[in-house]
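**Student:** got a structure for you, letters missing:
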């Protein structure tokens, strides 16, 4: 066989192979998805739908189990009151988790700032508005310290915030002397500190200003994260920090701002917590850190960062409140309420892992 004939035959074989390959690729690309795959892709693009579905299902189930008491305006407004502080902390926690970090100190910052506000107003006689402002500034500084240690000293967020949790808790006990400031004292000297514990009547419901504050905080953060370049930078850092740096984002500065903003939210939550408890208690909200993480996870924000809506943790906090209220009205022991929330958290993380495996 001549060289020309061999070349022609090789070319034909190559073209035949290429055509077959193209056909195979085309067939692969147009392979229809199963219903299971469609659900996975939908949830991947809309992670907030999971907590929404869970919340609706929970309300229906507990409304059936617990009866008409569950749907009473008073009980529904009580759920809002009960989750208001954890919801505010979940908002702060969400900011950090969106960057693929975690903040174990949010509860300690909140309690410490409430003690600072109380000591300034009651012990030192500082006007209540100034005490509140100084407490919020203290929250920014505490959060900024976390951000500085994470970005400049290059320490893992888990270790940093675990350490500062102990530091803030110790400062809390030292400043307060492990003593609470009673409600009567606040009423006499600084009633403004209890403002967010006051409520307004709407029919049979009692809506506290603390519940309204929680909704306002989530609304503001939603706007910042979805309609500002800074918010897009936060998501980009959580998705891939190195790629964000290569695209020109000043990641360290943004991270410090994230931790500082989280601290500010904790400072505002400190003011709200005084109204919720009715006093300045250094022993309050001992489990707030874990509860805030629970609300974030159930709310569909990925612990790996870069994915999820800030509204999700609000829904997650409401889910926890609905579970606790429904189980309590159904006569279930508190122990099993905690048991149920634990399983709910594990299932939420498992669903997040499953959604992350979706093929792009």
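**Tutor:** Perfect, thanks for sending it. Treat the numbers as computed from the prediction; the structure is a model and nothing was measured.
**Student:** what ranges do the helices span in the stretch 251-360 of the chain?
**Tutor:** Assigned by DSSP state H, counting those that start in this stretch, the stretch 251-360 of the chain shows helices spanning 251-277, 288-298, 311-329, 334-356.
**Student:** Give me the helices and strands touching the second one, please.
**Tutor:** Other elements packing on helix 288-298 under the criterion 3 or more C-beta pairs under 8 Å, 6 or more residues apart in numbering; DSSP states H and E are helix 73-97, helix 106-118, helix 311-329, helix 334-356. Quick note: C-beta positions are derived from backbone N, CA and C, even for glycine.
**Student:** closest to residue 204 out of the ones you listed?
**Tutor:** Residue 204 lies closest to helix 73-97 among the helices and strands packed on helix 288-298, at 3.8 Å (C-beta to C-beta).
**Student:** Now mean pLDDT and distance to residue 72 too, for the helices of the stretch 251-360 of the chain, in JSON lines please.
**Tutor:** What follows is these, written out as JSON lines (pLDDT from 0 to 100; distance: least, C-beta to C-beta, whole Å):
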{"stretch": "helix 251-277", "mean pLDDT": "96", "distance to residue 72": "21"}
{"stretch": "helix 288-298", "mean pLDDT": "88", "distance to residue 72": "24"}
{"stretch": "helix 311-329", "mean pLDDT": "90", "distance to residue 72": "10"}
{"stretch": "helix 334-356", "mean pLDDT": "79", "distance to residue 72": "20"}
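**Student:** Including distance to residue 50 and mean neighbour count, could these go into CSV?
**Tutor:** CSV is the format used below for these (distance: least, C-beta to C-beta, whole Å; neighbours: other C-beta atoms under 10 Å):
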stretch, distance to residue 50, mean neighbour count
helix 251-277, 24, 25
helix 288-298, 9, 25
helix 311-329, 8, 24
helix 334-356, 6, 14
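**Student:** mind checking which of those helices is nearest residue 150?
**Tutor:** Smallest distance to residue 150 across the helices of the stretch 251-360 of the chain (C-beta to C-beta): 6.4 Å, for helix 251-277.
**Student:** Just want the angle from that closest one to helix 106-118.
**Tutor:** Between helix 251-277 and helix 106-118, the angle comes out at 60 degrees (axes from the mean of the first three to the mean of the last three C-alpha atoms, to 10 degrees).
**Student:** Apart from its neighbours in sequence, what residue is nearest residue 104?
**Tutor:** Nearest residue to residue 104, sequence neighbours excluded (C-beta to C-beta, 6 or more residues apart in numbering): residue 161, at 4.2 Å.
**Student:** Number of residues surrounding that neighbour?
**Tutor:** Using other C-beta atoms under 10 Å, residue 161 has 26 other residues around it.
**Student:** before we move on, what about residue 177?
**Tutor:** A count of nearby residues for residue 177, using other C-beta under 10 Å, gives 10.
**Student:** The one 5 residues further on now?
**Tutor:** Here the neighbour count serves as a burial measure; for residue 182 (other C-beta under 10 Å) it reads 14.
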